[in-house]
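In: Okay, structure incoming, though there's no sequence with it:
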């Protein structure tokens, strides 16, 4: 190996071991999905060559710039408000970005772009952040009774209100999950509610998109249309059996609400005990067909109403004619007998 070749390799190794210009070390952020309402902190790691200076650090959500740190400006931090990305300017700096109160719309690709002033080098790193929309409230179960008898029907609904995106509802009966295609489960159309929300950004600066000039503003207000969904699922068991109540003689109904693809969920639990009496269905059948007759107790014989000339069951087959002519009250009987005696004596 010649001396020139050795010198060449020494120069290459020396250059490789020395930090030249701008070197991106990486982009650090949450390692897993974040729940709505939380804060996230992103760290943009980079190194600059000795003697070189930082020109700017720019943050993008997708293709839109929303935060910039530029040391030569006063103040060095600038925020360009975009929907669903709320930057804490005071807590952010050249290497750290703080986003407050994240919502599902905060999800997306985040890019940190760093540029050096002396060498004019620019490099960037990206990462994807997902915001889970955990349910804000428990679903509500309607129309359930406290007691059911064997043979009754169970017909109830469960609704999750004002949820974005639409929640996925599911029934669990005595620990057994009802599948979406179960014939006893009914999924009703999702109802959407729209509302206008005003979001303010006090003491922040807004970028003019036409010439990329920074204009100072005391406050900025944006109006956003928000769509929230109310989801309802029904459960109709036509006839409860003893298996529905289990060994504890009660049926436990659970309705869960969760986001599609989310591990967070909320649920409501109600319990109904088994009524040992006859079911409401049997009561309705009795009302239609008349009361049930106890075979061990003979039915009472109805008494004909006053003035009713129809014969009673006792007289329909004959009987004593004199008994049929006697009045029913004691005084009448005495008067009749007295007149009969007087008539006999007069003969």
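Out: Arrived safely, thanks for sending. In this text the structure is predicted, and so the values were computed from the model without any measurement.
In: Sheet partners, orientation included, of the helix or strand where residue 86 lies?
Out: Residue 86 is part of strand 86-87 when elements are defined by DSSP states H and E. Strand 86-87 pairs in its sheet with strand 96-100 (antiparallel), by DSSP bridges.
In: From the rest of the structure, what touches the strand it pairs with?
Out: If you take CB atoms under 8 Å, 6 or more residues apart in numbering as the criterion, strand 96-100 is touched by 39-44, 59, 67, 85-88, 91-92, 106, 112. The way it works is simple: take the backbone N, C-alpha and C, and place the C-beta from them, glycine included.
In: what does the strand holding residue 86 contact?
Out: In contact with strand 86-87 (CB under 8 Å, 6+ apart) are residues 66-67, 79, 97-101, 199, 201.
In: can we see that at 7 Å?
Out: Residues from elsewhere that reach strand 86-87, judged by CB atoms under 7 Å, 6 or more residues apart in numbering: 66-67, 79, 97-101.
In: Could you pick out the buried ones from the residues you listed?
Out: 66-67, 79, 97-99 (16 or more other CB atoms under 10 Å).
In: where along this structure do the helices fall?
Out: 3-16, 242-245, 280-289, 321-325, 330-346 (DSSP state H).
In: Contacts only, for residue 142.
Out: Each residue near residue 142 by CB under 7 Å, 6+ apart is listed here: 156-157.
In: again with the one 5 residues further on
Out: Residues near residue 147 by CB under 7 Å, 6+ apart: 272-273, 275.
In: Can you tell me who it pairs with across the strands?
Out: Here residue 147, judged by DSSP bridges, has bridge partners residue 273.
In: now the stretch 201-347 of the chain, which segments are flagged as low pLDDT?
Out: Along the stretch 201-347 of the chain, the model assigns pLDDT under 70 to residues 201-228, 260-264, 277-332, 346-347.
In: do the same with the stretch 1-150 of the chain
Out: 1-20, 133-136.
In: do that again at 90, thanks
Out: Scanning the stretch 1-150 of the chain for pLDDT under 90 picks out 1-23, 30-38, 48-53, 103-105, 117-120, 130-139.
In: And the strands in it, which stretches?
Out: 22-28, 34-35, 40-48, 54-61, 64-69, 77-79, 86-87, 96-100, 108-116, 122-129, 131-132, 140-142, 147-149 (DSSP state E, counting those that start in this stretch).
In: Any idea which of those gets closest to residue 333?
Out: Of all those, strand 147-149 sits nearest to residue 333, with 54.1 Å by CB to CB.
In: Enumerate every residue touching residue 108.
Out: 61-62, 129.
In: Show me what it is bridged to.
Out: Bridge pairing for residue 108 - DSSP bridges - gives residue 129.
In: how near is it to residue 140?
Out: 33 Å (CB to CB, to the nearest Å).
In: Pretty sure residue 77 sits against residue 69.
Out: Yes. Contact criterion CB atoms under 7 Å: residue 77 and residue 69 qualify, at 5.6 Å.
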